[in-house]
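Enquirer: From the sequence below, what's the structure:
(one chain, ligands or ions: 1)
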Amino acid sequence: MPRLVVVSNRVADPRKTAAGGLAVALADVLNNTGGLWFGWSGKIVEPSAGGRADEGELRTQQAGPVKLVTLDLSREDHDAYYVGYSNGVLWPVFHYRLDLADFDAGYIAGYRRVNQLFARKLQPLLRDDDIIWVHDYHLIPLAAELRALGCTQRIGFFLHIPLPPPLILAAIPGHDWLIRALFAYDLVGFQSEADHGHFCRYIEAEARAQNLGEGRWRAFNRTIQAGAFPIGMDVEEFNALASAPDGLEMYERMRREYSRRKLLVGVDRLDYSKGLPQRLQAFRELLQRYPETHNSATLVQIASPSREDVGAYTDILHELESLCGSINGNYGELEWMPVRYIHRTVARSRLPGLYRASRVALVTPLRDGMNLVAKEFVASQDPQDPGVLVLSRFAGAAEQLKEALLVNPYDVEATANAIHLALQMPVEERRARHQALMANIREYDVHWWCDSFLDSLVKAQAEETGTPWL
Ligand code: GDG
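Expert: Residues are numbered from 1 along each chain as shown. So this is what the prediction gives:
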């Protein structure tokens, strides 16, 4: 069996369950094939007096049968590649937020520099028959840089975040270079059919790509395969967490604490794509419209700190603090606070208990590649007395989780009504919806995702007939 090489911006130690579903799933595959995981260490090397920082040495660590290889980044590279281009340009634009993008001309050079550095450091570690799987928007040009160094291995790319429609994508200076770089891969995977559709429309319109049918496209002298591979969660891992002592204790505690009230839950990285202000406005609207919810419903919103070095994240933080303060100030009573807002990361072992004790989950991003919280909530429920998922139609998960209550998060009143419906929903309907959702989550779990992507990658070696094309 060929060896699998995974490349992502950050590397997670697959032996630590805290790393979550993706790390566990990749570790599963890597454990079978004996693999290598390559990426940034998370360390930034500050420049020595007067000069540029040295490129970090490679650090190698053996984690079971998986070799973890990481490199450090200089401050300058980190700021341009990670903060600047990846999170200041690609993240906002790919989430349809042109207004938040910072098109500083220097960023793209840093982005390319780090992708070249990754390629240069990775190439000597590769074997001829390796299968390489590159993850996410930080590393779009990596295959092109590897090809430029002579790599002919099979290389697949999976985009974890959405791909916007062609005209939004075309607002990025250098968009044609980015999409052309995708043709260096053999397989390009997206979270949803919607995102895959945007890719097809873009390459037909902007690159005059030829549609060869069955997901095959020809452009820039290359034929590649593209498709939707919706990511799933690790249901067994989550069940194990739920029945571990920590998980059980959390569940019992929350049940006791909220025995007289219905609990609503939101769990998100604090990110403007997650629709947190709109969610709080919808909750405020619920309290306004339905006085019977006073004293009987509490929203626990966990917003784990994220990318605090990017400006747009500080603005949203202040907006949330002010909304929570005003809701609690206007509606709270001595013995009841409507919103419990927690701006900290909660231990993963506590999440299943929290989800299970909640009657309603609010997963209402303005745009999201998939959203695993939606799936984790469903997987944690008691099938006899399950909670209800209120899900944004703009999350990739909405293509699969059709039995959720789908909402438009921009429509605050309609979302408030859907939350009210969820709180009132009779147990028979909750059970029927949960059963259907659970069947989907089990069938399309994280193992299905890994296997189906890698099967397609093994079958999809791109034919190259022309000269180098970057
Ligand atoms: C990207 C895409 C796509 C959240 N808060 C805490 C915590 N979490 C965990 C959740 C879940 C994960 O983080 C979040 O995953 P999401 O899928 O919701 O979102 P992103 O982080 O934006 O991930 C997304 C995903 O990639 C995978 O392809 O679905 O669309 O944007 O597992 O449980 N975990 C802990 N404490 C917290 O406070 N321990």
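Enquirer: Residue numbers of the stretch 101-250 of the chain in contact with the ligand?
Expert: By Cβ under 6 Å from any ligand atom, the residues of the stretch 101-250 of the chain that approach the ligand are His160, Ile161, Ile231. Yep, even glycine has a C-beta here, placed from its N, CA and C like the rest.
Enquirer: Quick one: the residues you listed as TSV, columns for neighbour count, pLDDT and secondary structure too.
Expert: Output for those, formatted as TSV (neighbours: other Cβ atoms under 10 Å; pLDDT from 0 to 100; DSSP: H, G, I helix; E, B strand; the rest coil):
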residue	neighbour count	pLDDT	secondary structure
His160	18	95	coil
Ile161	20	96	coil
Ile231	25	95	coil
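Enquirer: What are the neighbouring residues in contact with the residue positioned nearest the centre of the chain?
Expert: Centroid-nearest residue in the chain: His160, 5.2 Å away (criterion: Cα atoms, centre = their mean). Neighbour list for His160: His135, Asp136, Tyr137, Gln191, Ile231, Gly369, Met370 [criterion: Cβ atoms under 8 Å, 6 or more residues apart in numbering].
Enquirer: Pull up the gap between it and Val390, please.
Expert: 23 Å (Cβ to Cβ, to the nearest Å).
Enquirer: and if you look at Ala414?
Expert: From Ala414 to Val390 the distance is 11 Å (Cβ to Cβ).
Enquirer: Kindly point out which residues are neighbours of both of these two.
Expert: Common neighbours of Ala414 and Val390 (Cβ under 8 Å, 6+ apart) are Val407.
Enquirer: Compare those two (neighbour count), which wins?
Expert: Legend: neighbour count by other Cβ atoms under 10 Å for Ala414 and Val390, higher for Val390 (27 against 14).
Enquirer: so how far is Thr152 from the more buried one?
Expert: Counting by Cβ to Cβ - Val390 and Thr152 are separated by 48 Å.
Enquirer: ok, now Glu76?
Expert: In terms of Cβ to Cβ, Glu76 sits 32 Å off from Thr152.
Enquirer: Any idea which helix or strand in this structure has the lowest mean pLDDT?
Expert: In the chain, no helix or strand scores lower on mean pLDDT, DSSP states H and E than helix 21-33, which sits at a mean of 68.
Enquirer: Walk me through which strands the helix or strand just after that one pairs with, and which way each runs.
Expert: Going down the chain from helix 21-33, the next helix or strand is strand 36-45, by DSSP states H and E. If you go by DSSP bridges, strand 36-45 pairs up with strand 4-10 (parallel), strand 66-74 (parallel).
Enquirer: wait, does the longest helix along the chain contact the ligand?
Expert: Looking across the chain with DSSP state H, the single longest helix is helix 311-331. No: Helix 311-331 lies apart from the ligand when judged by Cβ under 6 Å from any ligand atom; the minimum separation is 12.8 Å.
Enquirer: So for the following helix or strand past that helix, mean pLDDT?
Expert: Following helix 311-331 in sequence order, the next helix or strand is strand 339-342 (DSSP H and E). Mean per-residue pLDDT for strand 339-342: 97.
Enquirer: Would you mind putting the CA coordinates of strand 339-342 into CSV?
Expert: Taking Å, rounded to 0.1, in the frame of the first residue of the first chain, the C-alpha atoms of strand 339-342 are listed here in CSV:
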residue,chain,number,x,y,z
VAL,A,339,-27.5,34.4,28.0
ARG,A,340,-24.5,32.7,29.4
TYR,A,341,-21.6,33.8,27.2
ILE,A,342,-18.3,32.0,27.6
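Enquirer: Show me what that strand is packed against.
Expert: If you count contacts as 3 or more Cβ pairs under 8 Å, 6 or more residues apart in numbering; DSSP states H and E, strand 339-342 packs onto strand 297-304, helix 311-331.
Enquirer: Tell me, how many residues neighbour the closest residue to Leu100 other than its chain neighbours?
Expert: With sequence-adjacent residues excluded and distances taken as Cβ to Cβ, 6 or more residues apart in numbering, Leu100 is closest to Pro92, at 4.1 Å. Neighbours of Pro92 under the rule other Cβ under 10 Å: 19.
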